[in-house]
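Q: Mind folding the following:
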Amino acid sequence: MFADTILIVFISVCTALLAEVGDPLLDGTRMGALISKPHLEKVLGFVTQAKKEGAKVLCGGEPLVPSDPKLKGGYYMAPCVLDDCRDDMTCVKEEIFGPVMSVLPFDTEEEVLARANNSTFGLASGVFTRDISRAHRVAENLEAGTCFINNYNISPVEVPFGGYKMSGFGRENGQVTIEYYSQLKTVVVEMGDVDSLF
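A: All right, here's what the predicted structure looks like:
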């Protein structure tokens, strides 16, 4: 019952997103185009590979032509939800960098933490629960540079962002970025007579 409810929510979200795919400069847009034709083809290739490996496409996963004629040449894709996924599937192991969600059920915290951390990547993670103590416990043990609790991808510019393992490149945003891209040098100046060092 719980898994069915989650899948219905995912499909509802996917359907809502389809209505909000378009010009990223408009306030109502939730998702713009992918960066290039090769990138669109790469992401669509992940969906094709997932189907070959046994995943079921619940919604999306195909090129999308927005209704706005100005956007017809863009590299748009319908957001995709994949079900029947396994840990050994390419769509689960790789960073897709496209609107593709792989759904994997779990029974315990220990199981989900082991599965989430069994990756060479660790850019961001998300925990959705009513139990805030559990949320903090899981967030502490997730090997990811950012953990969102009961939201996702809310990244104010002043909050550091970056990954663990093979994800990201240092830290972006906030004071830590200045430190990351700076080389510290200490200069000590005396304007009077030099004291004897001996």
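
Q: Quick one: neighbours of P63, just the number.
A: Here the number of neighbours of P63 (other Cβ atoms under 10 Å) works out to 12. To be clear about C-beta, it is placed using only N, CA and C from the backbone, and glycine gets the same treatment.

Q: quick one: it from L26, how far?
A: Distance, P63 to L26, by Cβ to Cβ, to the nearest Å: 21 Å.

Q: Doesn't G74 belong to a helix?
A: No: assessed by DSSP: H, G, I helix; E, B strand; the rest coil, G74 does not belong to a helix; its assignment is coil.

Q: Touching, it and L64? I think so.
A: No: look at G74 against L64 with Cβ atoms under 8 Å: they stay out of range, at 9.1 Å.

Q: Contact partners for C147?
A: A124, S125, G126, V127, V138, A139 (Cβ atoms under 8 Å, 6 or more residues apart in numbering).

Q: From those, list just the buried residues.
A: Buried members of the contacts of C147, counted by 16 or more other Cβ atoms under 10 Å: A124, S125, V127, V138, A139.

Q: Quick one: those as CSV, columns for distance to V159, pLDDT and secondary structure too.
A: Below are the buried ones among the contacts of C147 laid out as CSV (distance: Cβ to Cβ, whole Å; pLDDT from 0 to 100; DSSP: H, G, I helix; E, B strand; the rest coil):
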residue, distance to V159, pLDDT, secondary structure
A124, 12, 92, strand
S125, 15, 94, strand
V127, 17, 94, strand
V138, 20, 97, helix
A139, 14, 96, helix
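
Q: biggest separation within the residues you listed, which pair?
A: Spanning the widest gap among the buried ones among the contacts of C147 are A124 and V138, at 13.9 Å by Cβ to Cβ.

Q: Give me the phi and psi for G122.
A: Backbone geometry at G122, expressed as degrees, to the nearest 10, gives phi -170, psi 60.

Q: So what sits opposite it in the bridge?
A: Y164 (DSSP bridges).

Q: Against K70, how distant is it?
A: On the measure of Cβ to Cβ, G122 and K70 end up 38 Å apart.
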